[in-house]
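Undergrad: Fold the following, please.
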Amino acid sequence: MLIRDRFSNSPDGIVAARQHREMIGVLALAGQVTIVDQEKKHEAAMFRFLCAYAGAGRKKLLPFGLGAGVRTLYCCDRFYEADLHDRMERVKVRDPYPSSRDRARENLVRYWLELEQKSRYEQSLVTQSGQRQLLEQARRHDSRLLIFDALDDWTLMESKETAENLPATFSELLEKLTSRGISVLIFTSGTKGRKIIPALLGPLPYNKVFIRKDKGRRVPGSLRLLVSREASHDASPVPCEFVWWSKIDVDGNFDFSCKEEHFVEQKSAVQEARDERHDKIKALIGNGVTSQKEMVGPLDCDASTVNRAVKELVERGEVLKDRKTKKLSLPGSDTPPAGSTDSAPTNDDASGKEW
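TA: Numbers count the residues shown, from 1 in each chain. Alright, predicted model coming up:
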């Protein structure tokens, strides 16, 4: 499932992380800076967006942990505006809970790096004007989490210094942000991005995460990333090395996980039939059919096959079965199991649930 569990103290990390609120689990902590070093910019595009969505929508991004559901300032290049819109739509479809979808839409604020070259120089974070603009955005939106989709794009500098673009120190900007308790998550990519970090951050402490594409195992339509992190404190239960994968199926549906058992390769005909039966059972339950006996006809199979399929779903936690009434229900559904006297949960009860 996971490569291995290993814990260490980061030489660059800030200690005593228990005292800091987790904004995206241990990936982003309040008042701290985390650098995510990507091998290539486009390979981890969906992962980057999921970080922003989890932080804004209070979603779990395993294995890092739970997003805080806070105002998130997502700094990204307008050149990729259409791509980001598509990512948002895919993730919204993947998220089954209206409460977290609404929360993410409310809390996720985009700060665009404009296309015009003059504007890009003015917004550069190594200039005084660019830093003023960013700080104003963070203040205006009361941001608690700030994510740079690709820092390289935000550090352009004109060859000739002008009154409008006076240079400024990037590490001082980060100190101003973190002193307010803001968590800063910075994605860099490639050799160039890797080289500029020491010069930009100087002596400022930060946590490190590395992302590499798993080139040894390729499956069509999917992406496997090798993720490693330098733990900011050794009490964290989060592994320091693991595999994270994502895929988009033929219908355009997006899925992801850090668990190997969720990574489905080519299925046999028997597996396909079993999975289709499982899906039909869950659909029937969602439509109010809560008795196994009532499912025999719609599923066009014998009672023993239905019983076996339901048992498998119950064991996997995908279906709930009332011990007294034997009625079936779906976990996280808006209505209580049949025969239950509990009141129906609100949408907010879905807060923080896994996808």
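Undergrad: So Lys293 sits against Ala303, correct?
TA: Yes. Contact criterion C-beta atoms under 8 Å: Lys293 and Ala303 qualify, at 7.1 Å. (C-beta placed from N, C-alpha, C; glycine too.)
Undergrad: can you pull the buried residues of stretch 37-49?
TA: 37-39, 41, 44-49 (16 or more other C-beta atoms under 10 Å).
Undergrad: just stretch 169-177 next, same as before
TA: Along stretch 169-177, these residues count as buried under the neighbour rule (16+ other C-beta under 10 Å): 170-171, 173-174, 177.
Undergrad: quick one: contacts of it?
TA: Residues from elsewhere that reach stretch 169-177 (C-beta atoms under 8 Å, 6 or more residues apart in numbering): 33, 125-126, 131, 134-135, 138, 146, 155, 184, 200-204.
Undergrad: Now with 10 Å, please.
TA: If you take C-beta atoms under 10 Å, 6 or more residues apart in numbering as the criterion, stretch 169-177 is touched by 31-33, 73, 124-128, 130-132, 134-135, 138, 143, 146, 151, 154-155, 182-184, 186, 196-197, 199-204, 206.
Undergrad: Mind jotting down where the strands sit in the protein?
TA: 33-38, 60-61, 65-66, 72-77, 108-113, 145-148, 183-189, 207-213, 222-229, 241-248, 254-257, 320-321, 328-329 (DSSP state E).
Undergrad: between these, which gets nearest to Ile285?
TA: Among those, strand 328-329 comes nearest to Ile285, with 5.1 Å by C-beta to C-beta.
Undergrad: from the buried residues of stretch 37-49, which has minimum pLDDT?
TA: Note: of the buried residues of stretch 37-49, the lowest pLDDT belongs to Lys41, at 76.
Undergrad: list the contacts for it?
TA: Here Lys41 is in contact with 48, 80, 149-150, 152-153, 187-190, 193 (C-beta under 10 Å, 6+ apart).
Undergrad: switch to 8 Å and redo it
TA: Here Lys41 is in contact with 150, 152, 189-190 (C-beta under 8 Å, 6+ apart).
Undergrad: Out of these, which is nearest to Lys327?
TA: After measuring those against Lys327 - C-beta to C-beta - the closest member comes out as Ala150, at 50.8 Å.
Undergrad: Give me the phi and psi angles of that closest one.
TA: Main-chain dihedrals, Ala150, degrees, to the nearest 10: phi -160, psi 100.
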